[in-house]
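*Asks:* Here is the input, now give the coordinates:
(one chain, ligands or ions: 1)
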Amino acid sequence: MSIKKQKTLQGIVSFEGIGIHSGLRVSMLVKPLAPNSGIILRNVRFPDGDIKVGTIVPEDSSYATILKGASWQLGTVEHVMAALSALELDNVCVEIDGFEMPIMDGSSQPFIEKFLAVGVEEQEVPAVYVTPRRPLVFEDKLRESFLEIMPALAQDDGLVDRVLHVDYEASFDHPELGFAAIKCSMVEGFFVDNISPARTFGFVDQLPALRKFGLAKGASLENTVVIGESGFMNKPRFKDEFMRHKLLDLIGDLALIGKRLCGTIVAKRTGHSFNRRVIESYVNSPSDWVELSSDD
Ligand SMILES: [Zn+2]
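*Replies:* Presented below is the predicted three-dimensional model:
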């Protein structure tokens, strides 16, 4: 296996859209950065307030993933993070003029399409992979959420397998959703075709409560698979789109480690406020994690 290199974009990519919760318009640029820069989140109004992904534990929020810096915070980062992770984009600056990333169509596909259109560039520095030192278990008994991550293993050629393998289950006590599961390896082609098009979903009867709390102001049939009293109000892209989107959210949340994650994950019924615990472990208990060197 040849040594994998760090990656960035070949040019600047721009997005215009609304935040699904704020309903406000935002402009966002994703710009290439030099090797070893990592992923930087920048707000044009707070030029000294850059947030470096991998150094911050997300806020405890169940409806979207929020990173809070010293002077500003950025919400709904998960779908862009999933797209960056899928394309192994290690070094980019995400520059925005608001406080929530644009929702686009509710999936990661619009981000991936534009990143691929401008092109991904390999940089002359080895990529950094991280895996747990021992199996780590995260559990929320009340919500029946579970996640175990096991260390990446050496392969026949003696090198450690640098792929993230996932065995995932989602279930909702709802007749339209029910139970769905997938076992897969997070390689670019698989994610792009099978996971990235899966959209955010929501229940129409929960909308008034969300709006009362100032949430979901930008939600519409353009960016959300909506489940009403008599079934889906728009056409799903997959029959188990909800499960694929929960996995997309998990991958986006785990990308907040800021380095390429490898190993094997077994997870079920995860959500943003649960997924953050993995980042909490990475940021606050670094001795439980190990970076692979090029000859591992
Ligand atoms: Zn999502």
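*Asks:* Give me every residue in the chain lying close to the ion.
*Replies:* Counting by CB under 5 Å from the ion, the residues of the chain close to the ion are 200, 249. Every C-beta, even on glycine, is put in place using the N, C-alpha and C of the backbone.
*Asks:* 6 Å instead?
*Replies:* When proximity is defined as CB under 6 Å from the ion, the chain approaches the ion at 78-79, 200, 245, 249.
*Asks:* For the protein, which residues score under the pLDDT cut-off?
*Replies:* Low-confidence segments of the chain (pLDDT under 70): 1-2.
*Asks:* Enumerate every residue touching the spatially most central residue of it.
*Replies:* Nearest to the geometric centre of the chain sits G252, at 0.7 Å (CA atoms, centre = their mean). Neighbour list for G252: 65, 77-83, 85, 108 [criterion: CB atoms under 8 Å, 6 or more residues apart in numbering].
*Asks:* That one is in what secondary structure piece?
*Replies:* Using DSSP states H and E, G252 falls within helix 241-254.
*Asks:* give me every residue that touches P58.
*Replies:* Contacts of P58 by CB under 8 Å, 6+ apart are 65-67, 253, 256, 272, 276, 279.
*Asks:* Closest one of these to K52?
*Replies:* L67 (9.7 Å; CB to CB).
*Asks:* That closest one contacts I51, doesn't it?
*Replies:* Yes: in this structure, L67 is within contact of I51 by CB atoms under 8 Å, at 5.5 Å.
*Asks:* Residues in contact with both of those two, list them for me.
*Replies:* Contacts common to L67 and I51, judged by CB under 8 Å, 6+ apart, are 41, 74.
*Asks:* Quick check: the gap between the closest residue to L164 other than its chain neighbours and the ion.
*Replies:* Spatial nearest neighbour of L164, chain neighbours left out: M186 (4.3 Å); criterion: CB to CB, 6 or more residues apart in numbering. Applying CB to the ion, to the nearest Å, the value for M186 to the ion is 16 Å.
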